Structure formats: C-alpha cells, structure tokens
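1. Turn this into a structure:
(one chain, ligands or ions: 1)
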Amino acid sequence: MKLWGGRFSKNTDKEVNDFHSSIRFDQRMYRQDITGSIAHARMLGKCGIIDIKDSEDIIKALREILIEIEDGKLEFMIDAEDIHMNVETMLIAKIGDTGKRLHTGRSRNDQVALDIRMYLKDEICEIKSMLISLENSLIKLAKDNLDTIMPGYTHLQKAQPITLAHHLMAYFEMFKRDITRLDDTYKRTNVMPLGSGALAGTTYPLDRQMVADELGFDSITLNSIDGVSDRDFVIELAADLSICMMHLSRFCEELILWNTNEFSFIEMDDSCSTGSSIMPQKKNPDVAELIRGKSGRVYGDLMSILTTMKGIALAYNKDMQEDKECIFDAVDTIKLCLPVFEKMICTMKVNKDRMYKGAGQGFTNATDAADYLVKKGMPFREAHEVIGKMVLYAINNEKALAEFTMEEFKACSEIIEDDIYDAISLETCVNDRNIIGAPAKEAVMYSIDKGEEFLNSCK
Ligand code: ARG
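-> Next up is the predicted model:
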C-alpha cells in the first residue's frame, strides 16, 4: 500500500503509477534525503516531539540504509514513487512502527525543497572546483605565451596585434565571472526550507535552526509558502551554467577555426581528436564541436525550468517535479565538458610562427601607423585618412606597411621618418599598449597576478 493510501479505495493505475514516479531520476538524491531525515529525526527527539529513543533508532536505521544503498544491497522501488517515500518505506521495513514517526511535522514538499538545495550545493562546489582547475591551466598557458604575438580580430577580420596570453586571459575573466556567479547562487541555495511543511508550516514546535545548523545551512526560509514553492535557485544555477557553456562554446568555436588548415594557429592533439570512417586524411576537432553543441542542451534545460515555473500558482504543484531532470542534465553536462575541455587546451600545440605571420598580414599595425602621425603632430582624423590611403596603396602593391621603402612612406606623408619602422613593428604595437587590461607583456602579467590572487582567494 502507498504511504498516502488511507483515503483511497482503489489502487493507482499501473500506467499512472509509472507516469508520476520520479525515483528513476531523484534516486541520485538518496544521500541528501537520508542526511536531511537524520537531522529532522534528531531535532524531533531533542524537541520532545517524538521519544528520544525512537529518534535514536530512526537515526541508526537511516545510517544503515545509507550504507546498504551504497553497497547495492537495497534497491529502489518504482512503486514507492520518489526518493522520499522509498527511504521512508525502507525505514519502516527495517524498524516497523517507530519508522512511521519520522515524517512528523514534515511534508514531501519541504523535504524535496531541502534535498534539492543540499544536492545542488554539493554540485555547485564541484563545478566551481573544475572551473578553478581550468583557470589554473589557462594561467599556465598564458604564461607560456606572453610573447606569442597573434592577430586580434573584430568582425572576424584582422584588427590589431595582441598576444595569445592576452586572448587566453579574456577567457580567464569570463570563467572568473562564472565562478563568482556560482558563489552568488550558492548563497541563495544555502537557505534551509524544512519546517515549511506542505505550505503552511506546522503546529509542532520544530527547532528549524537546529536542523539548519546540523546540515550546514546559513539561514532558514522565512515564509513557508515560498519555502516549498521557490525554485529560483534551480533557475539561477541553470542560467549560470548556460552562461558558462556559452563561454566554453565561444572558445571552442575559436579553437575549431584556429585548428583549420587555413588558420593553422593550433593543432589539436591526436588524443583529443577523432578520425573519419571514409576520409583517411581527416583529424577532426570533435571534442570542441561536441562541447559547442552541448551548450544547446544546457540552454534547453534553462528554458524548460523557466517555462515550467511560470504558470504555477502558489504553493507546491507536481509540475515542480520537472525541475530535476533539467537541472541534473545541466549539471551532468557541464561536469562532462569542463575536464575534457581543459585536457584539450592543455594538449593542443600552439603554432607560434603561424600566429606571428598572421599578425603581420592584414595591416594590423594601421592604427599604430596613424598614432605615429598623431605623435608627430597630425590630428587623428587626418592621420586616419593618410593611413587609409597608405593601406590602399599597400593592397594594390601587395605589400605590408612594414615593407614600404622610405620613399613610399614620404609619398604618403612628409612627416614620416626612419623611426616609423620601429613604431609599427608588431612588438611595438603590442608592448606600447601598456595600460591595465591591454596586451603589453607587462599589462598581461599584471592581469595574471590579479588572476592568481583571485584563485588563491577561492581556496
Ligand atoms: N517527487 C516530488 C517532487 O519531486 C516530491 C514532492 C511530492 N509532493 C507531493 N505533494 N506530491 O517534487
């Protein structure tokens, strides 16, 4: 019989039973469910709501159940609907009537809210540590490439020279924001809802703070209706993960481009590439493509949870059971992607020569040539015009600005002198951009220092 079977005179239809059973996916919260129940039982005993002896027996049995589940000795039952009723059924099977006292002053509505918060708190910590590991790898790669000059792009057209370190540190900043977003979501997840009951609290004098303290929550929810119907933290986490996937996806897109024969800025390691079943020459950047692709499913998870929640009247409705598969999928997906992504960037080969050559083409030093004229006294708008014409001449004559003879320079502007060659060299273009956040080696080293400070503060 169902734990709630009292008022029913018929069994649930088999198909309906399978339809609303969530044990298939919420069983992964067994540890949180049991730990939460142990805290609840201890509090019930301490507050004199149940006998202290009963409370102790319940706690002991729950601990055994946890071990038995972990050892594969206990199996979940579809019939017991969800993880909460599975554990309670196991408890009653073990200690009989005493087990029936556990659910005093509690509803599955506040129980599931508790479990999912506990579960996601752990996941947030795990994802955060994966991001920290990725950030450390990015810093290491950046340090190896402080002098690796490459073209920077806007509109995917060559724009100005930068270094690979500078480019990598852009991603460092993105992932840093992802980490701080997770920290922020963690704060709002770290609120203890048990005691909200079905929606209107309970008549038992529960010590909610005691449960929160035992389970490591910062505070307790202050409205029982909100306590059972809030899934903002689930949505926030799905949004955080979507943004993080977007960052990974942009990075992957660039790596896929850089790995092409046309760019050849990098070469993916064999260990992180795959071949073609028909074209013998192929080595494809499938890892990057798959991560880019998986960003789509995480966005889908976010949209799904948002949409599920939008029409739900207060307080709990069964629709909310749909939050779990989405957030679990989002969490699983990012946890699959992050370590593989890190491995991929740590093993790829950087073709420094190709990058340098690429930076020398496409007039990436044109801004610096204009700035040269400005420093000699010409107004910037005029300098822009002069260099624009110079670029047109260069295109027609198939040469780079640095390949101009002095006569050619003079023909563009009389004020140009010999020092132009140094002023428009790629090294000068990069290293003269030496303000905070810019690509000069010194500036990037400063950002790396700040980045390391941030990572140390994460420990
Ligand atoms: N399995 C349910 C869920 O995940 C637990 C809460 C069920 N509550 C209820 N009143 N049916 O949301």
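2. Show me where the stretch 351-459 of the chain has its helices.
-> For the stretch 351-459 of the chain, helices defined by DSSP state H, counting those that start in this stretch occupy the ranges 352-360, 366-375, 380-396, 406-412, 420-423, 426-431, 441-458.
3. Now render those helices as JSON lines, adding distance to the ligand and mean neighbour count.
-> The way it works is simple: take the backbone N, C-alpha and C, and place the C-beta from them, glycine included. Output for those, formatted as JSON lines (distance: least, Cβ to the nearest ligand atom, whole Å; neighbours: other Cβ atoms under 10 Å):
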{"stretch": "helix 352-360", "distance to the ligand": "51", "mean neighbour count": "18"}
{"stretch": "helix 366-375", "distance to the ligand": "57", "mean neighbour count": "20"}
{"stretch": "helix 380-396", "distance to the ligand": "62", "mean neighbour count": "15"}
{"stretch": "helix 406-412", "distance to the ligand": "72", "mean neighbour count": "14"}
{"stretch": "helix 420-423", "distance to the ligand": "66", "mean neighbour count": "16"}
{"stretch": "helix 426-431", "distance to the ligand": "55", "mean neighbour count": "20"}
{"stretch": "helix 441-458", "distance to the ligand": "32", "mean neighbour count": "15"}
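4. Quick one: closest of those to Glu64.
-> helix 441-458 (37.2 Å; Cβ to Cβ).
5. avg pLDDT for the closest one?
-> Summarised as a single mean, pLDDT over helix 441-458 is 97.
6. Can you tell me the SS state at Ala159?
-> strand (DSSP: H, G, I helix; E, B strand; the rest coil).
7. Columns distance to Asp18 on top of the helices of the stretch 351-459 of the chain, output as CSV?
-> Output for these, formatted as CSV (distance: least, Cβ to Cβ, whole Å):
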stretch, distance to Asp18
helix 352-360, 57
helix 366-375, 66
helix 380-396, 69
helix 406-412, 79
helix 420-423, 74
helix 426-431, 63
helix 441-458, 44
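8. near the ligand, which residues of the stretch 101-250 of the chain show up?
-> Within reach of the ligand by Cβ under 6 Å from any ligand atom, the stretch 101-250 of the chain has these residues: 108-109, 112.
9. So which of those residues is surrounded by the most neighbours?
-> Counting neighbours by other Cβ atoms under 10 Å, Val112 comes out on top of these with 25 neighbours.
10. Next, the angle from whichever strand or helix holds that residue to helix 352-360.
-> Using DSSP states H and E, Val112 falls within helix 108-144. Using axes from the mean of the first three to the mean of the last three Cα atoms, to 10 degrees, the direction of helix 108-144 lies 90 degrees away from that of helix 352-360.
11. Tell me which strands the next helix or strand after helix 108-144 pairs with, and in which orientation.
-> Following helix 108-144 in sequence order, the next helix or strand is strand 149-154 (DSSP H and E). Using DSSP bridges, strand 149-154 pairs in its sheet with strand 157-163 (antiparallel).
12. Now the partner strand - C-alpha only, CSV.
-> Taking Å, rounded to 0.1, in the frame of the first residue of the first chain, the C-alpha atoms of strand 157-163 are listed here in CSV:
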residue,chain,number,x,y,z
GLN,A,157,38.7,40.5,-39.7
LYS,A,158,42.2,41.1,-38.5
ALA,A,159,42.2,44.2,-36.3
GLN,A,160,45.2,44.8,-34.1
PRO,A,161,48.0,42.6,-32.8
ILE,A,162,47.7,41.0,-29.4
THR,A,163,49.3,38.1,-27.7
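13. Quick one: mean pLDDT for it?
-> Rounded mean pLDDT across strand 157-163 is 95.
14. Ramachandran coordinates for Ser219?
-> phi -160, psi 180 (degrees, to the nearest 10).
15. just Ile415 next, same as before
-> According to degrees, to the nearest 10, Ile415 has phi -80, psi 0.
16. what sits against it?
-> 373, 376-378 (Cβ atoms under 8 Å, 6 or more residues apart in numbering).
17. Residue of the stretch 201-350 of the chain nearest the ligand, please.
-> Using Cβ to the nearest ligand atom, the single residue of the stretch 201-350 of the chain nearest to the ligand is Gln321, 3.7 Å away.
18. List the residues that contact that residue.
-> 20, 22, 26, 82, 112.
19. Was I right to think the first one contacts Glu81?
-> This points to His20. Yes: under the criterion of Cβ atoms under 8 Å, His20 is in contact with Glu81, at a separation of 7.0 Å.
20. neighbour count winner among the two?
-> Glu81 (21 against 11).
21. Report the spatially nearest residue to that one, omitting neighbours in sequence.
-> Ser21 (5.2 Å; Cβ to Cβ, 6 or more residues apart in numbering).
22. Tell me the spacing between that neighbour and the ligand.
-> Distance, Ser21 to the ligand, by Cβ to the nearest ligand atom, to the nearest Å: 9 Å.
23. For that residue, grab the count of nearby residues.
-> Applying other Cβ under 10 Å, we find 21 residues neighbouring Ser21.
24. OK, contacts around it?
-> Taking Cβ under 8 Å, 6+ apart, we find Ser21 in contact with 78-79, 81-82.
25. Tell me the one of the residues you listed nearest the ligand?
-> Asp82 (3.6 Å).
26. surely that closest one meets Asp26?
-> Yes: the criterion here is Cβ under 8 Å, and Asp82 meets it with Asp26 at 5.4 Å.
27. Between these two, which contacts overlap?
-> Common neighbours of Asp82 and Asp26 (Cβ under 8 Å, 6+ apart) are 112, 321.
28. Output the lowest mean pLDDT helix or strand found in the protein.
-> Least confident element among the helices and strands of the chain, by mean pLDDT, DSSP states H and E: helix 14-20 (a mean of 89).
29. picking that back up, going by distance to Ile448, which of the contacts of Gln321 wins?
-> Asp26 (43.3 Å).
30. wait, that closest one sits on Met85?
-> No: taking Cβ under 8 Å as the definition, Asp26 is not a contact partner of Met85, at 10.4 Å.
31. Tell me which of the two has more neighbours.
-> Shown here are Asp26 and Met85; by other Cβ under 10 Å, Asp26 has more neighbours (24 against 21).
32. Looking at the contacts of Ser21, state which has the most neighbours.
-> Busiest of those [other Cβ under 10 Å] is Asp82, holding 25 neighbours.
33. Check the gap between it and Arg108 for me.
-> 7 Å (Cβ to Cβ, to the nearest Å).
34. cool, Phe8 as well?
-> 17 Å.
35. Can you tell me which member of the contacts of Gln321 has the lowest pLDDT score?
-> Minimum pLDDT across these falls on His20, with 89.
36. Now do the SS call for Gly105.
-> Assigned by three-state DSSP, the conformation of Gly105 is coil.
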